[in-house]
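>>> okay, predicted coordinates and the sequence, questions at the end:
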Amino acid sequence: MTLPQIGILATGTYFPDKIEVAADLVDATNIPEHILREKMGIHQRHIAEDKDTVSYMASQAAKKAIETAGIDPSEIDMVISHGSEYKDHVIWNAAGKIQHEVGAVNAYAFEMYALCAGAPIAMNIARSMMIADPSLETVLLAASSRENDLISTTNPRARFMYNFGAGGGAMILKRGHDKNLILGSSAFTDGSLSETVMLTREPDALGNDDAIKGDYHGNLDVQNSAYMAERLGETSLDNFKKVIRESVEKSDYTLEDVGFMGITHMKRSFYDLILNEIGLTAEQSVYLDHYGHIQSVDQVITIELGLEQGKIKDGDLIVLAGAGTGYTWSAITVRWG
């Protein structure tokens, strides 16, 4: 039995107007500007303002994707929101709001949540559902994040999250579309790290910031930071390589066939190490130092930048990868063009 092809019809992104540069973080973090820029990869990041709620940013990105795709939103059969759990309201389905805002009046909508590993997993869920259900012809994936609101820049335990920024991203997937085909995927979870990062009201986490944001009270903090650092140091590179390799092999290719990788923003040295380990160069990827880390939006940004910079070409095999606290690593392979 031949499975139907599921392709990416269009993408869209949205970023708040407000920008914060590395120099703006120096006083609060006590980290020199050149370290922020060169080692942590923070040249600048977008900062959400009041209007830039999670549902608003995801909806704006989705509207751009719909326009680029040249479809009527009423054609959309399903909406999956895979963005931040820090959203407009606590215990609330943002997918329904996004569905309403974009005019997808014939779609049903739901959320899935895998933090910063969410995009490859959401793409695989959508592809699998579209293959299983012929009535799902057109699907919208949308996500956004402003979790930088939840980071106190005076909390040294949250140092690896200082790169968080704000924005939204979206994809339109189409059944029977013979371009930009979504192929194999892989994911892996190390549950021993499941309680290392969470919202708390520890004094260091609260810092000097206003830690009450709408319905939320607290900031993101690291529990048992020594164990987290040790465990990730031992396993993260291997787990990234594992999911990237498996997603490619499930697509009937090898790592030697990969022409481009889009991956979550991280410190520069680890990004370079992953590239080297899977046999790619800087010309076969993009580093998000002018955006920061926007949770599961990163992968859409890398596609758009890769195309804009001429790094993704027709026929290229590309891999999108991410990792999120919890701790989950994920990857998915796409044959572009």
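That came through, no problem.
>>> in the chain, which residue is most central in space?
Ser296 (1.7 Å; CA atoms, centre = their mean).
>>> against Ala10, how distant is that residue?
18 Å (CB to CB, to the nearest Å). In short, each C-beta sits where N, CA and C put it, glycine included.
>>> what's the spacing between the residue nearest to the centre of the chain and Thr154?
27 Å.
>>> likewise Glu277?
34 Å.
>>> burial count for Leu232?
Using other CB atoms under 10 Å, Leu232 is surrounded by 19 other residues.
>>> verify the contact between it and Tyr327 for me.
Yes. Using CB atoms under 8 Å, Leu232 makes contact with Tyr327 at a distance of 7.4 Å.
>>> overlap in contacts of those two?
Residues touching both Leu232 and Tyr327 (CB atoms under 8 Å, 6 or more residues apart in numbering) are Leu193.
>>> low-confidence stretches in the protein?
1 (pLDDT under 70).
>>> same thing but at 90, please
1-3, 203-204, 207-215 (pLDDT under 90).
>>> what does the longest helix anywhere in it contact?
For the chain, the helix that runs over the most residues, judged by DSSP state H, is helix 225-249. Contact with helix 225-249 is made by 120, 157, 183-188, 190, 192-193, 196-197, 222, 254-255, 257-258, 261, 263, 270, 273-274, 277-278, 317, 319, 321, 323, 327, 329-333, as judged by CB under 8 Å, 6+ apart.
>>> so who does the residue nearest to the centre of the chain touch?
With CB under 8 Å, 6+ apart, Ser296 has these contacts: 82-83, 114-119, 122, 143, 145, 169, 322, 324.
>>> ranking these by neighbours, who comes first?
Going by other CB under 10 Å, Gly83 tops these with 36 neighbours.
>>> quick check: Tyr216 touching Ile91?
No. Using CB under 8 Å as the test, Tyr216 is too far from Ile91 to be in contact (11.3 Å).
>>> more crowded one of those two?
With neighbours defined as other CB under 10 Å, Tyr216 and Ile91 compare such that Tyr216 has more, 15 against 7.
>>> report the beta-bridge partner residues of that one.
Counting by DSSP bridges, Tyr216 is bridged to Lys213.
>>> list the buried ones in the longest helix of the chain?
225, 228, 231-232, 235-236, 239-248 (16 or more other CB atoms under 10 Å).
>>> okay, the helix or strand just after it in PDB with CA atoms only?
On the C-terminal side of helix 225-249, the closest following helix or strand by DSSP states H and E is strand 258-263. Output in PDB follows, covering the C-alpha atoms of strand 258-263 (Å, rounded to 0.1, in the frame of the first residue of the first chain):
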ATOM      1  CA  VAL A 258      21.500  15.600   4.600                       C
ATOM      2  CA  GLY A 259      21.900  19.000   3.000                       C
ATOM      3  CA  PHE A 260      20.600  21.300   5.700                       C
ATOM      4  CA  MET A 261      19.700  21.200   9.400                       C
ATOM      5  CA  GLY A 262      17.400  23.500  11.300                       C
ATOM      6  CA  ILE A 263      17.800  23.200  15.000                       C
END
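>>> and the angle for strand 258-263 with helix 225-249?
In terms of direction (axes from the mean of the first three to the mean of the last three CA atoms, to 10 degrees), strand 258-263 departs from helix 225-249 by 150 degrees.
>>> who does the following helix or strand past strand 258-263 touch, helix- and strand-wise?
Remark: after strand 258-263, the chain's next helix or strand is helix 268-277, criterion DSSP H and E. Judged by 3 or more CB pairs under 8 Å, 6 or more residues apart in numbering; DSSP states H and E, the packing partners of helix 268-277 are helix 225-249, strand 258-263.
>>> save those as CSV, and put in distance to Ala211 too.
Converted to CSV, the helices and strands packed on helix 268-277 look like this (distance: least, CB to CB, whole Å):
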stretch, distance to Ala211
helix 225-249, 19
strand 258-263, 31
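>>> for these, which one sits closest to Ala107?
Closest of these to Ala107 is strand 258-263, at 26.3 Å (criterion: CB to CB).
>>> now what about that closest one, what contacts it?
Contacts of strand 258-263 (CB under 8 Å, 6+ apart): 240, 244, 248, 271, 274-275, 278-280, 284-286, 298-299, 301-303, 306, 311-313, 316-322, 333, 336.
>>> cool, and stretch 205-218?
Taking CB under 8 Å, 6+ apart as the rule, stretch 205-218 contacts 86, 88-90, 149-150, 152-155, 157-158, 199-201, 219-221.
>>> and these, which of them are in strands?
Those of the contacts of stretch 205-218 mapping onto strands are Leu199, Thr200, Asn219, Leu220, Asp221, per DSSP state E.
>>> the last one - how many residues pack around it?
It refers to Asp221. Quick note: Asp221 (other CB under 10 Å) scores 25 neighbours.
>>> helix or strand for the closest residue to it other than its chain neighbours, which one?
Spatially, and ignoring its direct neighbours in sequence, Asp221 is nearest to Ala205 (3.6 Å; CB to CB, 6 or more residues apart in numbering). Per DSSP H and E: Ala205 is located in helix 203-206.
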